[in-house]
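Novice: just the structure for this:
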Amino acid sequence: MNQSVIELKNIRKEFVSTKHYPGFKGAVKGLFTKETETKVAVDDVSFSIKEGEMVGYIGSNGAGKSTTIKMMSGILTPTSGTCLVNGIEPYKNRKINAKNIGVVFGQRTQLWWDLPLSETYTVLKEIYEVSDEDFKERMNFFYEVLELENFIHSSVRTLSLGQRMRADLAAALLHNPRVLYLDEPTIGLDIVVKDRIRQAIREINEKYNTTVILTTHDLVDIEELCNRIIIIDAGKKIYDGNLLDLKRSYGGSCSIHFEMKEVPNQDKVQAIHVLSEKLECEINKKKLSVSFNKDDFTVAEVIGKIMANMEVTDVQIKETELTDIVKRIYQNGAEAV
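Specialist: Below you'll find the predicted structure:
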């Protein structure tokens, strides 16, 4: 059974700042008073992540995602609680922790801007003390899954956004870290490059059993890569579980769209409405949309009811998407969960 590589217990992070007042009077007042205000960014968050897991860590802007990642990567020190990554406290053992983690920020780069990409990797090889044999094996793997060969000798400043993201991913994985933090790794990329990076992350996880923590607003990334999802809101963890369970628990609504052979007459329309008060029907010429909760009906029951009263030529079923579920959770916070 895989051991936990990340353990967070009752982590809390507070930021204390000096209180500022507007205008000239406020500036003068600030010279003589030192009032402070405390903002709680992460509030009593606990979870554990096992080796080889790929976990989506999501929340709205300002929810506390980045603060949590920074504590796990050793950049920030928790106000209280315990954070262990690979058995050590990251902020107390930054050098050791840095050798065991890789980080990719979608809006920042760790590459040297004026150096050719190949030289950047050579520098990183020496920094992380990667052996010649391991370096060659990993670079061959990156050539295959990230297709770096076409621009490996180009300076970083000349790379496109998609090329730079692939290069950043390779740089973060060159030393074969046990844990990989991905913060918006596909932001601003076109569909083809996004798909390539997702496939590369999957292959890296399978080959090296790398633990991946993914924070993103692109929920397609989450659905494509992660089986588990953790949602944070206003600094508090409000959901931690299987992605399919989230859909089953909070994605109970469903809609079915029927294309009919002819415009239904009034009697048939009335027959639909009297089937059940729990069916919401909308008719537009030859198109009928039926919405319902799957706790009340199965999809087969609804299709059967409609086809018993009308001649149908086409049927489309639309389940509640993850985007809709998470949007509702963002809007309503913990009340939605």
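Novice: low-confidence ranges, the stretch 1-150 of the chain, go.
Specialist: 1-2, 21, 24, 26, 28-32 (pLDDT under 70).
Novice: okay, helices next: where are they in it?
Specialist: 23-32, 65-72, 94-100, 117-127, 132-146 (DSSP state H, counting those that start in this stretch).
Novice: contacting residues around the shortest one?
Specialist: Read that as helix 94-100. 73-74, 85-86, 88, 90, 128, 175, 177-179 (CB atoms under 8 Å, 6 or more residues apart in numbering). (C-beta placed from N, C-alpha, C; glycine too.)
Novice: what comes up buried for it?
Specialist: Neighbour counts over helix 94-100 (16 or more other CB atoms under 10 Å) mark 97-98, 100 as buried.
Novice: now the last one
Specialist: The neighbour-count criterion (16+ other CB under 10 Å) identifies 135, 138-139, 141-142, 145-146 as the buried residues of helix 132-146.
Novice: quick one: those as JSON lines, columns for distance to residue 118 too.
Specialist: Output for these, formatted as JSON lines (distance: CB to CB, whole Å):
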{"residue": "135", "distance to residue 118": "11"}
{"residue": "138", "distance to residue 118": "14"}
{"residue": "139", "distance to residue 118": "9"}
{"residue": "141", "distance to residue 118": "16"}
{"residue": "142", "distance to residue 118": "12"}
{"residue": "145", "distance to residue 118": "17"}
{"residue": "146", "distance to residue 118": "14"}
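Novice: farthest pair in those residues?
Specialist: 135 and 145 (16.1 Å; CB to CB).
Novice: wait, residue 84 sits on residue 7?
Specialist: Yes - under the criterion of CB atoms under 8 Å, residue 84 makes contact with residue 7 at 4.3 Å.
Novice: what sits against the closest residue to residue 145 other than its chain neighbours?
Specialist: Here the nearest residue to residue 145 in space, its sequence neighbours aside, is residue 200; by CB to CB, 6 or more residues apart in numbering that works out to 4.5 Å. Applying CB under 8 Å, 6+ apart, we find residue 200 in contact with 145-146, 166, 169.
Novice: quick one: the longest helix seen in the chain to helix 132-146, angle?
Specialist: Longest helix in the chain by number of residues (criterion: DSSP state H): helix 191-208. On the basis of axes from the mean of the first three to the mean of the last three CA atoms, to 10 degrees, helix 191-208 is oriented at 140 degrees to helix 132-146.
Novice: buried stuff in helix 191-208?
Specialist: 193-194, 196-198, 200-201, 204-205, 208.
Novice: can you list the domains in the chain?
Specialist: Using automatic domain parsing, the domains assigned to the chain come out as 51-80+89-248, 252-319.
Novice: dump the contacts of helix 94-100 to TSV, plus distance to residue 16.
Specialist: Formatted as TSV, the contacts of helix 94-100 follow (distance: CB to CB, whole Å):
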residue	distance to residue 16
73	22
74	21
85	25
86	30
88	27
90	21
128	35
175	35
177	32
178	33
179	29
